[in-house]
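Engineer: Pasted the sequence and its predicted model underneath.
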Amino acid sequence: TRAVILHSKRLQITRATVEAGHGHPVEEARVLEHQALEQVALLTPEPLQAGHSYTLHIQYLANLSQSFHGFYKSTYRTREGELRVLAATQFEPTAARMAFPCFDEPAFKAKFSIKIRREPKHHALSNMPIVKSVNINPWLIEDHFGTTVKMSTYLVAFIISDFKSISKITRRGVQISVYTVPDKIDQADYALDAAVKLLDFYENYFSIPYPLPKQDLAALPDFQSGAMENWGLTTYRESALLYDPEKSSASSKLWITMIIAHELAHQWFGNLVTMEWWNDLWLNEGFAKFMEFVSVSATHPELRVEDYFLRRCFDAMEVDALNSSHPISTPVEDPAQILEMFDDVSYEKGSCILNMLRDYLTADTFKAGLVQYLQKYSYQNTKNEDLWNSMTNICPTVGNGKNEQGDGFCRSSQQSSSSTHWTKGETRDVRAMMDTWTLQTGFPLVTVTVRGKNVHLQQERYLKGVDAPSCTGHLWHIPLTYITSKSNTVQRFLMTTKADVIILPEEVEWIKFNVDMNGYYIVHYEDDGWDRLINLLRENHTAISSNDRASLINNVFQLVSINKLSISKAFDLTLYLKHERQVMPVLQGMSELIPIYRLMERRDMNGTEQQLKEYIISLFKDLIDAQSWSDEGSMSERLLRDSLLLFACVHRYQPCVDKATGYFTEWQKSNGTLSLPADVKTAVYAVGAQTSEGWDFLLSKYRLPSFSVERNKIELALSFSSSKDKLQWLMDQGLRGDIIRTQDLPFIIVYISKNPSGYHLAWTFLKENWKKFVEKFELGSNSIATIVTGVTSRYSTVSQLAQVKEFFSSLDEQSAQLRCVQQAIETIEDNIQWMDRNLEKVKTWLQSNHL
């Protein structure tokens, strides 16, 4: 060939030469740039010969990026108010080409050797430790970093800053350090301890040592996503790493631990073994998401992370139920499409189907399959099927020598094991099963009809939408689980056909499928099946687990959405919540009922929305009244308190408002020095922000470094204001990025769009600043999707639908075609249909049942 084609974006290449090895002359290469493709071609005078080695030398220059990707500039202020500058990188998925010309695709793995020149007042970090530093002159030092292992371009990283750090050594001698701006180094201890525990856990779990000498965790003042898994130098937004034992809430401890667990899991899943192309991104992200639970439940059992797993499956189902969803593994070609893959389907659905597979194969078999996969493909790239093939021929040894469950595990064995494990004797084809979950869009709805001892099952695709096509072609291999009124031993049955029948040993009063919501499917009970379960909840709700209760609450409302059940039946089920005390069912009840209230609040509803609000409060009133305004209790009790008090105060439940007002007044009198319990702060701030004076006081504290760990709470509180001017000011500042960092703008816009005083403002702001959003956050990014779907999620009128369609169709084709735009339009259509169908029925139900 006479052309070498590399990726390059916004780099000004001044000279390129080709050298064919020692003693050969250096030849100039011509440089052509194709901006749209983000590529450059280096044209050589003589053709390059196959099988020969050549060295390219490229001289280029570029500005630091003003966005959050590439090699970008970030700033922060010291306690004294001095502005300081640092430079950091974010390359995933396609921004390494903004820092250096390269083959910027995940399958082109290479070793990287990096040198950085800097001033003496800064220090440089990269994937590897520094091997030597050379003084070029008194004001310039050149750091030489060790050569990396073989890895993809998107994992290369460097930071030049004046950060401080703290360090510890893991059991195997890996140095772990946390880097932060100097003023916040005292908030790094929790992250450091968590990282040491988690890295030790993973080395042990995967039976593969971490291959680098060090792992740095750096908290960057400006960061678009939550965190990034660069090999040996993971980066985080400050709120995802920094923890202040005095001021941080329980939820922030949970979130920090999970994120560190996620990034460290990537050091194996993603970094050591990488997907061949972005269509299989879920092999990185679904795994890291899933491993958060496996690792944190082992290293931090007190956080009880297993309680929150099903929440993410519900979140995934929300987008996966739409026509605009996509299979977990789906073709992508350009940078915007690649960015769109970083969504709930790749992350959350990916982790949910892995959890289902682990439940199906058992934890030991699943782990043995993972270890085989990681060992076989270390430093390589993989496709979907490579994982399933690694899972297929596993026969773990069982410790007690009798190989009790061994028969149940081994694919090839024809002996049957006890009926408590899957269908007997057959070879389990993991790939055939999992292809139905990764290559098809959506998820199944299983309909259960009990006739005496016979349980008739039917599966179809669950699909929302006005003109939902009937999906006869979809068929899943569903690992069904169930318990009954007669037996709480989990029974298992693999359903691979459209319809099937299970025969029970005896008739039962009730049957509950999808035990603990371990499966990624929802269940409808025909005839009086729901009545029996509603009755069970009313009479003895603790007969089934709290996850089972949460899943019934979720499923019943999902079935209303596709007209399989009446809204009055779903509301009948919610009556039992008066007696519910566990975090997951309570939060699930709130997350089904509050959006209905929000839809009604948007319309002038002559009092129905008021009645609904009173109904929701009445369900949780006893629980709200029982909350201590403190930080006592287990993680789940603290999370419950945080959510309940915020809910009660925002919805003007008077006892809560009075108490919060009292706290806020005291806090204001102390000029913000009074120490409030971390878990009640959000509620207290939200009430305080309702007055103009309280709002201004909160803002003055927001700007102080000492309140940095509370920034997100204060942003939420400020966005509850009823003053349109104040809300507009918040969004304008978020775009400017001086007082409020632009990284937080997507959340602020969405908060404001949920505020009755702000939802017009948020939509106008989106329309007027679309171009700026795209410049800052990139087309296809999760930030853009958050804004688009968040601002429009509560629209439910034909005129709102028309406005949304009109605006997006006026944009360039690439913007108009974004998946988040399709999701937004479908959601509004769904809301319109839902309101038309159910509004009167809700009214009637509330009148006859409550008030």
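Structural biologist: Arrived safely, thanks for sending.

Engineer: Which stretches in the stretch 101-250 of the chain count as strands?
Structural biologist: Ranges of strands in the stretch 101-250 of the chain, per DSSP state E, counting those that start in this stretch, are 115-118, 123-126, 130-137, 140-145, 158-161, 164-169, 175-180, 214-220, 227-228, 233-237.

Engineer: which stretch among the ones you listed comes nearest residue 663?
Structural biologist: When those are compared by C-beta to C-beta, strand 233-237 sits nearest residue 663, at 28.5 Å. For every residue, glycine as well, the C-beta is placed using N, CA and C.

Engineer: Longest helix in the chain, please.
Structural biologist: For the chain, the helix with the greatest residue count under DSSP state H is helix 819-849.

Engineer: buried sites along that one?
Structural biologist: When burial is assessed from 16 or more other C-beta atoms under 10 Å, helix 819-849 yields the following buried residues: 819-835, 838-839, 842-843, 845-846.

Engineer: can you confirm residue 501 is in a strand?
Structural biologist: Yes. Looking at residue 501 with DSSP: H, G, I helix; E, B strand; the rest coil, it is inside a strand.

Engineer: so what's it scoring on pLDDT?
Structural biologist: On the pLDDT scale, residue 501 is placed at 96.

Engineer: again, but for residue 851
Structural biologist: pLDDT at residue 851 comes out at 56.

Engineer: lowest-pLDDT helix or strand in this protein?
Structural biologist: Within the chain, no helix or strand scores below helix 406-409, which has a mean of 38 by mean pLDDT, DSSP states H and E.

Engineer: Beyond it, next helix or strand please.
Structural biologist: Later in the chain than helix 406-409, the nearest helix or strand by DSSP states H and E is helix 430-438.

Engineer: which of the residues in that following helix are buried?
Structural biologist: The neighbour-count check on helix 430-438 (16+ other C-beta under 10 Å) flags 430-431, 433-438 as buried.

Engineer: same check, this time on stretch 751-764
Structural biologist: For stretch 751-764, a neighbour-count test (16+ other C-beta under 10 Å) marks 751-755, 758-759, 761-763 as buried.

Engineer: Narrow the residues you listed to those in strands?
Structural biologist: Applying DSSP state E to the buried residues of stretch 751-764, no entry is found in strands.

Engineer: Could you find the lowest-pLDDT member of the residues you listed?
Structural biologist: Minimum pLDDT for the buried residues of stretch 751-764 is recorded at residue 759 (89).

Engineer: How about that residue: what's its closest non-neighbour residue?
Structural biologist: Counting by C-beta to C-beta, 6 or more residues apart in numbering, residue 759 lies nearest to residue 753, which is 5.0 Å off, once chain neighbours are set aside.

Engineer: What separation is there between residue 3 and residue 160?
Structural biologist: 34 Å (C-beta to C-beta, to the nearest Å).

Engineer: who's more crowded, the two?
Structural biologist: residue 160 (22 against 14; other C-beta atoms under 10 Å).

Engineer: Test my guess that that one contacts residue 117.
Structural biologist: No. Counting by C-beta atoms under 8 Å, residue 160 stays clear of residue 117, with 9.3 Å between them.

Engineer: what's the burial count for the closest residue in space to residue 576 that isn't next to it in sequence?
Structural biologist: Spatially, and ignoring its direct neighbours in sequence, residue 576 is nearest to residue 537 (4.0 Å; C-beta to C-beta, 6+ apart). Using other C-beta under 10 Å, the number of residues around residue 537 comes to 24.

Engineer: Equivalent analysis for the one 4 residues further on, please.
Structural biologist: For residue 541, the count of nearby residues is 19 (other C-beta under 10 Å).

Engineer: Great, nothing more from me.
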